[in-house]
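*Asks:* Provided below for reference: sequence and predicted model.
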Amino acid sequence: MPTLATTVDGLKLPNPFVIGSGPPGTNLNVITRAFQEGWGAVIAKTISLDSSKVVNVTPRYAKLMAADGKEVIGWENIELISDRPFKIWLEEFKKCKDQFPDRILIASIMEEFRKDAWVEIVERCQDVGVDAFECNFSCPHGLPERKMGAAMGENPDILKEVVGWVMGAAKKPVWAKMTPNVTHIEDPSRAALRAGASGLAAINTIRSVCSVNLDTFRPEPNVEGYTTPGGYSSKAVRPIALRMVMEIAQLIRKEFPGRSLSAIGGVESGNDAAQFILLGGDTVQVCTGVMKFGYEMVKPMCDELLAFMAKHKFETLADFKGKSLDYFTTHADLVRRQTERKAAQKAAATAKVVKSDGEWSGDDFVKQSQALASR
Ligand SMILES: Cc1cc2nc3c(=O)[nH]c(=O)nc-3n(C[C@H](O)[C@H](O)[C@H](O)COP(=O)(O)O)c2cc1C
């Protein structure tokens, strides 16, 4: 009987499905619901020490629909981090851990480029009992204007310094959440791991403009007639997320064995999760999926992942984690492999056993002779 239970960075999870930071972990009410439905862990909405600087707008989401006009395939948001006071969050973290002592609650944190701020936010969160941290180095909108979020995550030098501050203060595991809005995600990933991060999480949203209204010429989401580029998520980003998770997993395998990877981007089913685990994910986060299908989606996801494992006789997640990484190579190597296979096929074809004396040919004479030999 396969099991979904897993231990990552010492954190014991009943299954690898983790609520990704965002609206599905935005207050104690919804976090409680997530645990009741059976999610493996919850990463709360990103918090900072001073929420008074966080001012959201409405509307702040825009959707890309499939041709049937019913299915949401892409989702843009221009939502900021939590606008709820830090003090309230600390109270809720504490209550949550009192209510669910055995479940994994992860604080997502973000601060300005000041050591004292990062140290303070880490210390105060761990004092109320959170199990781990995810550092949001990746929000693509709003916060970069204050040199926060993606502005940090895009810059390996800054990232290394900030992760160093966090690791100096943290007594719990720390994941660095990476931005996909860079050319080579390995560069900031390497910087965070060199600075000692226990693991990485990827991807955050992809900088995007969801659509332009052809009557008003206004881009969406339209706020007082204007917009600002936001972050793209949901099923449409999954292929990009799979590629980036694969690249980070290769880096971890080569240079940082033992570090963890939390895979994110467009996960909606157990089979989606299986793909991310095959590419090296230890856990799989879901954010927009919960906004589309509700917290109860975790049950069919667990069932589908278990069915995949049973089909292939995998007992644990470790039995197939990273198994598909071996099937990536360079384009030049693909060409070499294909050329070799075609040559071998041709050789086999030309070595076909002659059935009548008229089929003997001068060019293949030796091969044809051998093909007629008993071994
Ligand atoms: C509305 C919305 C708000 C989000 N807020 C946060 C946030 O506060 N902190 C964070 O790290 N990521 C945030 N994210 C990003 C998600 O956690 C996740 O990285 C991204 O959406 C891709 O995964 P998904 O396709 O499962 O949503 C947000 C995403 C959405 C859609």
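*Replies:* Sure, I can see it.

*Asks:* any idea which helix or strand carries Val18?
*Replies:* Secondary-structure assignment from DSSP states H and E places Val18 in strand 17-19.

*Asks:* average model confidence for that strand?
*Replies:* Average pLDDT, strand 17-19: 99.

*Asks:* out of everything not next to it in sequence, what's closest to Asp24?
*Replies:* That one is not Asp; residue 24 is Pro. Val290 (4.0 Å; CB to CB, 6 or more residues apart in numbering). Where C-beta positions appear, they are placed from N, C-alpha and C, glycine not excepted.

*Asks:* Compute the distance between that neighbour and the ligand, please.
*Replies:* According to CB to the nearest ligand atom, to the nearest Å, Val290 and the ligand sit 8 Å apart.

*Asks:* ok so, going back, and whichever helix or strand comes after the strand holding Val18, anywhere near the ligand?
*Replies:* Going down the chain from strand 17-19, the next helix or strand is helix 28-37, by DSSP H and E. No: Helix 28-37 is not in contact with the ligand by CB under 6 Å from any ligand atom; minimum separation 12.8 Å.

*Asks:* In this structure Ala172 contacts Ala132, no?
*Replies:* Not quite, residue 172 is Lys, not Ala. Yes: counting by CB atoms under 8 Å, Lys172 touches Ala132, with 4.9 Å between them.

*Asks:* Need the nearest residue in space to Arg218, chain neighbours excluded.
*Replies:* That would be Gly225: by CB to CB, 6+ apart, it lies 5.9 Å from Arg218.

*Asks:* Could you do Gly10 as well?
*Replies:* Gly10 sits nearest to Pro173 (CB to CB, 6+ apart), 6.5 Å away.

*Asks:* ok, the one you found - contacts?
*Replies:* Going by CB atoms under 8 Å, 6 or more residues apart in numbering, Pro173 touches Asp9, Gly10, Leu11, Asp131, Ala132, Phe133, Ser198, Gly199, Ser260.

*Asks:* What's the separation between the closest residue to the first one other than its chain neighbours and the ligand?
*Replies:* By that I understand Asp9. Excluding its sequence neighbours, the residue lying closest to Asp9 (CB to CB, 6+ apart) is Pro173, at 3.8 Å. Distance, Pro173 to the ligand, by CB to the nearest ligand atom: 16 Å.

*Asks:* again, but for Lys70
*Replies:* Lys70 sits at a distance of 19 Å from the ligand (criterion: CB to the nearest ligand atom).

*Asks:* ok, now Ala44?
*Replies:* 9 Å.

*Asks:* Equivalent analysis for Gln345, please.
*Replies:* Taking CB to the nearest ligand atom as the measure, Gln345 falls 42 Å from the ligand.
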